[in-house]
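Visitor: here are the coordinates; sequence isn't available:
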């Protein structure tokens, strides 16, 4: 497997960015510039990745394509198209977003998120983005969320069938789908089930941890840094490795460079425990 994550230290050139990547020990990266960057800047960072055997695992497209405001929604759909074009240009494993929400927070809970109408809109949005680009070398993916499509591996599988586009692949974030006590209680079984059901379509993985808060009623399951929760991280590395030597596994949602250094070290230790080679 390949290990990666965010780069939190500032940089203004591929050389500076590469120094941070090497310090973190990443062999997979999130592409460090957006589609609005000049073409020569995109080329320079792409060449840096190629020269240093860095797999581009993700291009982020984190904007709300379900926004209530029509102009905002249209602009965000266009942004996802532009970011998918960038992913295709640089040969990333995927361009990733979440399916979006009509709540005040772009990733917030809204009661309509469980309706058939919203599900069909997710299908239509995904088809529209992919059809605008027709990528041959990358995929468009949706990161699962606890309260929006897709919130289970079964729903993700059905979504792929309904979107019906070969360029729609799986971004695996098992922690975001541990949204109840049953999945938390048998997290290892649930994670194994996710990989079993979706494995052939997985193009990128977020390696995170979760911990239940005792005494918080009715239930509170929190994301925590790798190694500080209940997830069997060696199992995660085993399941990732079974997908191929170059599958990218990313740590995320950490506050600073030191936290990413620590999380990467935890994941390397987990891989070592499992006998999994890390590039």
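Guide: Thanks, I have it. Since the model is a prediction, treat every value here as computed from it, not as a measurement. Numbering: from 1, shown residues only.
Visitor: for this structure, what spans make up the strands?
Guide: In the chain, strands defined by DSSP state E lie at 2-5, 28-30, 55-60, 94-97, 139-142, 168-172, 202-206, 209-212, 221-224, 248-251, listed in chain order.
Visitor: winner for burial among those strands?
Guide: strand 94-97 (a mean of 28; mean count of other Cβ atoms under 10 Å). Quick note: C-beta positions are derived from backbone N, CA and C, even for glycine.
Visitor: near residue 91, how many other residues are there?
Guide: For residue 91, the neighbour count with other Cβ atoms under 10 Å is 14.
Visitor: now it. Nearest residue, chain neighbours left out?
Guide: Take residue 91 and drop its neighbours on the chain: the residue closest to it by Cβ to Cβ, 6 or more residues apart in numbering is residue 137, 5.2 Å away.
Visitor: may I ask you to name the longest helix in this protein?
Guide: helix 70-90 (DSSP state H).
Visitor: so for residue 73, which of the strands of the chain sits nearest?
Guide: Among the strands of the chain, strand 94-97 comes nearest to residue 73, with 13.0 Å by Cβ to Cβ.
Visitor: mind listing what the closest one pairs with, with the direction of each?
Guide: Paired neighbours of strand 94-97 in the sheet (DSSP bridges): strand 55-60 (parallel), strand 139-142 (parallel).
Visitor: including mean pLDDT and distance to residue 92, could those go into CSV?
Guide: Below are those laid out as CSV (pLDDT from 0 to 100; distance: least, Cβ to Cβ, whole Å):
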stretch, mean pLDDT, distance to residue 92
strand 55-60, 98, 4
strand 139-142, 98, 9
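Visitor: how much does the longest helix of the chain deviate in direction from strand 55-60?
Guide: Here the directions of helix 70-90 and strand 55-60 differ by 170 degrees (axes from the mean of the first three to the mean of the last three Cα atoms, to 10 degrees).
Visitor: so what does helix 70-90 touch, helix or strand wise?
Guide: Applying 3 or more Cβ pairs under 8 Å, 6 or more residues apart in numbering; DSSP states H and E, we find helix 70-90 packed against helix 39-51, strand 55-60, strand 94-97, helix 116-133.
Visitor: mind checking how far that helix is from the chain centre?
Guide: Computed by Cα atoms, centre = their mean, to the nearest Å, the chain-centroid distance of helix 70-90 equals 17 Å.
Visitor: could I get the strands paired with strand 94-97 as a markdown table with distance to residue 84?
Guide: Converted to a markdown table, these look like this (distance: least, Cβ to Cβ, whole Å):
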| stretch | distance to residue 84 |
| --- | --- |
| strand 55-60 | 8 |
| strand 139-142 | 5 |
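Visitor: go through the ones you listed and name the closest to residue 151.
Guide: Closest approach to residue 151 among the strands paired with strand 94-97 is made by strand 139-142 (10.6 Å; Cβ to Cβ).
Visitor: that older thread, for residue 271, find the nearest of the strands of the chain.
Guide: strand 2-5 (7.8 Å).
Visitor: thank you, goodbye.
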